[in-house]
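**Student:** no sequence for this one, just the structure:
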């Protein structure tokens, strides 16, 4: 194996403008929980949040999630439309802070357990056969490489209910499916892994993006088996066990129907980094 370079997102001055606009028609929706805001692990230089529900502007209640995740709760959505417009200017060069020992001890156990979309217990025999000797960084690189070569990225090829096992059998999926397979295989091998939703400048097609994050060499490192965008410019939104924890929209009661959605992520300062799959990359 080639020695891996360690890259911090803070190494090169980068700044990005990110945002999203989406609208859903609503019928009898009591509450909507939204996950679109940049994590407070980053330096947010400017931010604008505009939410309309039932034809009126509403103020969402911000909830603090784990690992810097910010959720926005809209209550009494009712009938009509739920429309969100979000924009943020983010300094990606914020240095990665020291890990908190107590949090890491907890995370190392939580993120080695099976979860809804990352069935590591079912994949343990397969993982042991595929990666019988690799450990540490070599294991993380090998799992990412296997997923990249085994699976084809095909928009619309998977269902929202598909987990890692389904994705492996289908040998195709979108970013969340790639991330789930990476997470499940690493957990099956005893490496803590989790899923992160991000804004990803350079991503094509542009959308919310999902990547894996693995605990190796005493830090969390991004693993993107799709290799569709440079990891050094990614901006964290939410962090969790799998897509069930990082969904950008969750509702209680009633019905919602998708109308439109646009996601943007563009560098305003600095040059889009060249992705190096052999490098270890940390984000705030």
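**Tutor:** Received it, and whenever you're ready, just let me know what you need. Just so it is clear, the model here is predicted, and its values are computed rather than measured.
**Student:** I figured residue 144 hits residue 277, correct?
**Tutor:** Yes. Under the criterion of C-beta atoms under 8 Å, residue 144 makes contact with residue 277 at 7.2 Å. Every C-beta, even on glycine, is put in place using the N, C-alpha and C of the backbone.
**Student:** the closest residue in space to residue 110 that isn't next to it in sequence: what's it in contact with?
**Tutor:** Excluding the flanking residues, the one nearest residue 110 by C-beta to C-beta, 6 or more residues apart in numbering is residue 241, at 7.1 Å. Listed by C-beta atoms under 8 Å, 6 or more residues apart in numbering, the contact partners of residue 241 are 110-111, 113, 115-116, 118, 194-195.
**Student:** got phi/psi on residue 241?
**Tutor:** Residue 241 adopts backbone torsions of phi -70, psi -40, taken as degrees, to the nearest 10.
**Student:** likewise for residue 216?
**Tutor:** phi -150, psi 150.
**Student:** and it, how far is that from residue 222?
**Tutor:** In this view, residue 216 and residue 222 are 11 Å apart by C-beta to C-beta, to the nearest Å.
**Student:** do the same with residue 176
**Tutor:** When residue 176 is compared with residue 222 (using C-beta to C-beta), they lie 15 Å apart.
**Student:** again with residue 145
**Tutor:** Applying C-beta to C-beta to residue 145 and residue 222 gives a distance of 15 Å.
**Student:** compare those two (neighbour count), which wins?
**Tutor:** residue 222 (22 against 14; other C-beta atoms under 10 Å).
**Student:** contact partners for that one?
**Tutor:** 196, 211-213, 231, 234, 281-283.
**Student:** try it again at 6 Å.
**Tutor:** 211, 213, 231, 281, 283 (C-beta atoms under 6 Å, 6 or more residues apart in numbering).
**Student:** one more: residue 111?
**Tutor:** Applying C-beta under 6 Å, 6+ apart, the residues contacting residue 111 are 192-194.
**Student:** report the central residue of this protein.
**Tutor:** Closest to where the C-alpha atoms of the chain average out (C-alpha atoms, centre = their mean) is residue 197, at 1.8 Å.
**Student:** so that residue makes contact with residue 246?
**Tutor:** Yes. Counting by C-beta atoms under 6 Å, residue 197 does reach residue 246; the two are 4.3 Å apart.
**Student:** what's the overlap in contacts for the two?
**Tutor:** With C-beta under 6 Å, 6+ apart, residue 197 and residue 246 have common neighbours residue 238.
**Student:** in the protein, which strand has the most residues?
**Tutor:** Longest strand of the chain, by residue count under DSSP state E: strand 70-91.
**Student:** burial measure for residue 58, as a count.
**Tutor:** 15.
**Student:** and it, how far from residue 221?
**Tutor:** Taken as C-beta to C-beta, the span from residue 58 to residue 221 is 38 Å.
**Student:** what does residue 129 give?
**Tutor:** 25 Å.
**Student:** give me the more crowded residue out of those two.
**Tutor:** A side-by-side neighbour count of residue 129 and residue 221, using other C-beta under 10 Å, places residue 221 first with 21 against 8.
**Student:** tell me which element the more buried one is part of?
**Tutor:** Take DSSP states H and E as the rule and residue 221 turns out to sit in strand 219-223.
**Student:** quick one: that strand to chain centroid distance?
**Tutor:** Centroid displacement of strand 219-223 relative to its chain, using C-alpha atoms, centre = their mean, to the nearest Å, is 12 Å.
**Student:** I am finished for the moment; much appreciated.
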